[in-house]
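S.K.: Show me the folded form of this:
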Amino acid sequence: MIDPFSPEQGGRDPLNGIDAIRVTGRREADALESPLGTSVSQAAAPARSRFQAPQGATRLLLVEDDRLLSDALSRMLEMAGFTVYVTGYGEDALDLARAYRFDVVVLDLTLPDVAGTQVLQQLHQMRPDTPVIILSGEGGLESKIENFLEGADDYITKPFHRDELLARIHAVLRRARAAAPQEVTFGPLALDLVAHRASVGGIQVPLTGKEYACLEFLATRRGMTVTKEMFLAHLYGGQDEPEMKIIDVFICKLRRKLSEAGAPPVVETVWGRGYTIANEG
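M.R.: As a prediction, this is how the structure comes out:
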């Protein structure tokens, strides 16, 4: 069995240095662990890094079609405290970005279905506030400039050292969080995105965790129709998902509590599709 962290293994060296990960091979389609290609590696991991993710769930999307490299990177990132979602396909990455709100995306440019730069363009349009770090074997100036102009926040050329990747991830997270809004308001209704609380006229609304998560999920996607499938993926992450009608129950209770607290009716039904909060308001 190939140990991706063993210095005795042959082949190219995608992560350079003493702690480099040596891997070969590419991700096969049947290696994806769900229709969207999400997975969290359970394999043995390297020694814990000095770079640790900020407290709280920090979601990272890794888009890399080299299977052994992505497995090794996901183990390393999990040891650093990140919640890692992995796919080797550009279309799956875009589906995941629609369903989840990621703190950072690490994107390889060479993918089997869609060019990485095209994925970057759509990610930037869909989630302009989500930082994207490019991984590429192409170190030319033209490629770097093109991807920075398309919205990349950083660009790392292979081979690279794992601590450099972690340091760069932390750097873009610091910049993104410094610029991120801490509150979303709809008239008297305010969402504290740091404390994860909703209030009307300064008085906290007694929402359950799932009810608040539904409200924040909609509020941070103002003007976008959120399907029930997207709600389920966000709330349960593909683990032990209940029936889809549970979303209608959460929304019904959420609307009732907001109305009783004096909030305007911000959550709208898009018949046959899902729910939305309009851009106005």
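S.K.: For the one residue sitting closest to the centre of the chain, give me phi and psi.
M.R.: With distances taken as C-alpha atoms, centre = their mean, residue 102 lies nearest the centre of the chain, 2.3 Å away. Residue 102 has phi and psi values of phi -90, psi 150 when expressed as degrees, to the nearest 10.
S.K.: gap between it and residue 170?
M.R.: Look at residue 102 and residue 170: by C-beta to C-beta, to the nearest Å, they are 15 Å apart. To be clear about C-beta, it is placed using only N, CA and C from the backbone, and glycine gets the same treatment.
S.K.: Next up, the contacts around the closest residue to residue 246 other than its chain neighbours.
M.R.: Take residue 246 and drop its neighbours on the chain: the residue closest to it by C-beta to C-beta, 6 or more residues apart in numbering is residue 232, 8.0 Å away. For residue 232, the contacting residues are 241-242, 244, 246-247, by C-beta atoms under 8 Å, 6 or more residues apart in numbering.
S.K.: if we go to 7 Å?
M.R.: Residue 232 is in contact with 241, 244, 247, counting by C-beta atoms under 7 Å, 6 or more residues apart in numbering.
S.K.: Same check on residue 150?
M.R.: Per C-beta under 7 Å, 6+ apart, neighbours of residue 150: 117, 120-121, 124.
S.K.: Any of the residues you listed buried? List them.
M.R.: Applying 16 or more other C-beta atoms under 10 Å to those, the neighbour count classes 117, 120, 124 as buried.
S.K.: Which ones among those residues lie within helices?
M.R.: Among the buried ones among the contacts of residue 150, the ones falling in helices (DSSP state H) are 117, 120, 124.
S.K.: The last one contacts residue 153, doesn't it?
M.R.: No. In this structure, residue 124 sits apart from residue 153 without contact. The criterion is C-beta atoms under 7 Å, and the distance is 9.7 Å.
S.K.: Which parts of the stretch 1-150 of the chain are helices?
M.R.: Counting by DSSP state H, counting those that start in this stretch, the stretch 1-150 of the chain has these helices, from start to end: 67-79, 90-99, 116-126, 141-149.
S.K.: Can you tell me which of those helices is nearest to residue 273?
M.R.: The closest of the helices of the stretch 1-150 of the chain to residue 273 is helix 90-99. By C-beta to C-beta, the value is 13.1 Å.
S.K.: Name the nearest of the contacts of residue 150 relative to residue 275.
M.R.: Looking across these and measuring by C-beta to C-beta, the closest to residue 275 is residue 124, at 25.1 Å.
S.K.: How is the protein divided into domains?
M.R.: 29-179, 183-277 (automatic domain parsing).
S.K.: Go through the contacts of residue 150 and say which is closest to residue 132.
M.R.: For the contacts of residue 150, with residue 132 as the reference and C-beta to C-beta as the criterion, the closest is residue 120, at 5.9 Å.
S.K.: And the strands in the stretch 1-150 of the chain?
M.R.: Defined through DSSP state E, counting those that start in this stretch, the strands belonging to the stretch 1-150 of the chain, from first to last, are 59-63, 83-87, 104-108, 132-136.
S.K.: Could you write out the alpha-carbon coordinates of the last one in PDB?
M.R.: Looking back up the chat, that one is strand 132-136. This file holds the C-alpha atoms of strand 132-136, laid out as PDB (Å, rounded to 0.1, in the frame of the first residue of the first chain):
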ATOM      1  CA  VAL A 132     -10.100  31.000  -3.600                       C
ATOM      2  CA  ILE A 133      -6.600  29.700  -3.600                       C
ATOM      3  CA  ILE A 134      -5.300  28.200  -6.900                       C
ATOM      4  CA  LEU A 135      -3.100  25.100  -7.000                       C
ATOM      5  CA  SER A 136      -1.300  24.700 -10.300                       C
END
